[in-house]
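Q: Quick one, what's the 3D model for this:
(one chain, ligands or ions: 1)
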Amino acid sequence: MSNQQARILVVGGAGYIGSHIVRQLINACHDVVILDDLSTGYRQLVHQDGEFVQGHLGDLNLLEQLFNRHRFDAVMHFAAFSQVGESMHHPLRYYQNNLGDTITLLKAMQSHGIRRFVFSSTAAVYGEPLEIPITESHPCLPTNPYGNTKLAVERLLTDCDMAYGLRSIALRYFNAAGADESGEIGELHDPETHLIPNLFKAALGQIDHIRLFGTDYPTPDGTCIRDYVHVNDLAQAHLLALDVLLADGESAVYNLGSNSGFSVKEVIEKAEAVIEKKIPVIESPRRPGDPAKLVASSDKIRRELGWKPGYESLETIIATAWRWHRKNV
Ligand code: UFG
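A: Residues are numbered from 1 along each chain as shown. Got it, this is the predicted structure:
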């Protein structure tokens, strides 16, 4: 089965990244059921053409009902807590949701014979990089509970492949950014910790200023370098991964980034150029746990799955985010 209409369960489809994947799945004529407990997702991000079930991925009874009602061809999983700082203070909450409840989901899939899984992973599995750009063979040494939980699921997936023939593709995102061109869905978090939406909040007076975390990093301008990738390019990669699994392809792990990095100061300058306004910035101490530089090599997914990001310019990525933010946040 490939490039055919499939029935997909999207767990966490009311979140920032999940909602963009749902939109592309529906545009590609797949039949989509969205499971989300709205703890960090938003009703307004739920696509009207998907069936929406409000509930938690750790609720085995609910999963049993869902899997009895629908014969899913694959499951895509985005329902994780994803704040590094919060994970340091609440590791049990992170392990329970990101690992424990994912085990429940995988058990329910296993008992219903569903053997295709696309997993939302993260650059945080690598920890402090030993070399740049980071390839998939870079050692995985996470430096926080969030990264540990994601790596634990990746390892579990490898074991489930060997034991049960569960085929999975894990996609390790670098810095997801931007919003769909429609302006109908985009980034929403509460609290917001990410750089680009916080720049807009400061520009709009929703917060007094943005704090620039650290100006003494070993980088050319002293601020951290990150690899920003448009959320719709991430979404496109998920559809390619799904096609591989529907065609009974092998399990794999891929980085998703742009192969280029921008410093926080560069992002601020580009945001100011896009919105044509000076943003109030206060230089502040480093934020604990931030590596100086994270840039992906995405050569593997480009080569093996033919992934071609459509948004190569950071200005365009920021412009799509701005269009969403000024209307909706
Ligand atoms: N930053 C600021 N001020 C802010 C927010 C961020 O200076 O108000 C800086 C950060 O210190 C960092 C850069 O902007 O240097 C980007 O920060 P983000 O919070 O936007 O993104 P991160 O790189 O910290 O996080 C991303 C993902 C995480 C993932 C992590 C991997 O959002 O889910 O990469 O390290 F875990």
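Q: Count the residues that sit near the residue of the stretch 101-250 of the chain found nearest the ligand.
A: Residue of the stretch 101-250 of the chain nearest the ligand, by C-beta to the nearest ligand atom: C224 (3.1 Å). Any C-beta I mention is one placed from the backbone N, CA and C, and that applies to glycine too. Counted with other C-beta atoms under 10 Å, the neighbours of C224 add up to 25.
Q: Touching, it and D216? I think so.
A: No - counting by C-beta atoms under 8 Å, C224 does not reach D216; the two are 10.7 Å apart.
Q: who touches both of these two?
A: Counting by C-beta atoms under 8 Å, 6 or more residues apart in numbering, C224 and D216 have no common neighbour.
Q: Would you mind measuring from R287 to the ligand?
A: 5 Å (C-beta to the nearest ligand atom, to the nearest Å).
Q: repeat for L60
A: 27 Å.
Q: now swap in F78 and tell me
A: For F78 relative to the ligand (C-beta to the nearest ligand atom), the value is 12 Å.
Q: show me what contacts that residue?
A: Taking C-beta under 8 Å, 6+ apart as the test, what F78 contacts is 10-13, 15, 17-18, 21, 120.
Q: In strands, which of these appear?
A: Among the contacts of F78, the members found in strands (DSSP state E) are 10-11, 120.
Q: Pull out the buried members of these.
A: Neighbour-count burial (16 or more other C-beta atoms under 10 Å) applied to the ones in strands among the contacts of F78 gives 10-11, 120.
Q: now, which of these sits nearest L66?
A: Nearest to L66 among those is V11, at 10.0 Å by C-beta to C-beta.
Q: Okay, domains of the chain per the record?
A: Domain ranges of the chain: 7-177+229-256, 195-226+259-328, per automatic domain parsing.
Q: Give the buried residues for the lowest-mean-pLDDT helix or strand in the chain.
A: When the helices and strands of the chain are scored by mean pLDDT, DSSP states H and E, helix 84-89 comes last with a mean of 92. Neighbour counts using 16+ other C-beta under 10 Å place 84, 86-87 of helix 84-89 among the buried residues.
Q: residues in contact with the very next helix or strand once past it?
A: Beyond helix 84-89 on the C-terminal side, the first helix or strand identified by DSSP states H and E is helix 91-94. The contact list for helix 91-94, computed with C-beta under 8 Å, 6+ apart, reads 81, 86-87, 145-146, 149.
Q: Just the element for K150, please.
A: helix 145-164.
Q: Could you pull out the buried residues of that helix?
A: 145-154, 156-157, 160-161.
Q: And for stretch 318-328?
A: Buried, per 16+ other C-beta under 10 Å, within stretch 318-328: 318-325, 328.
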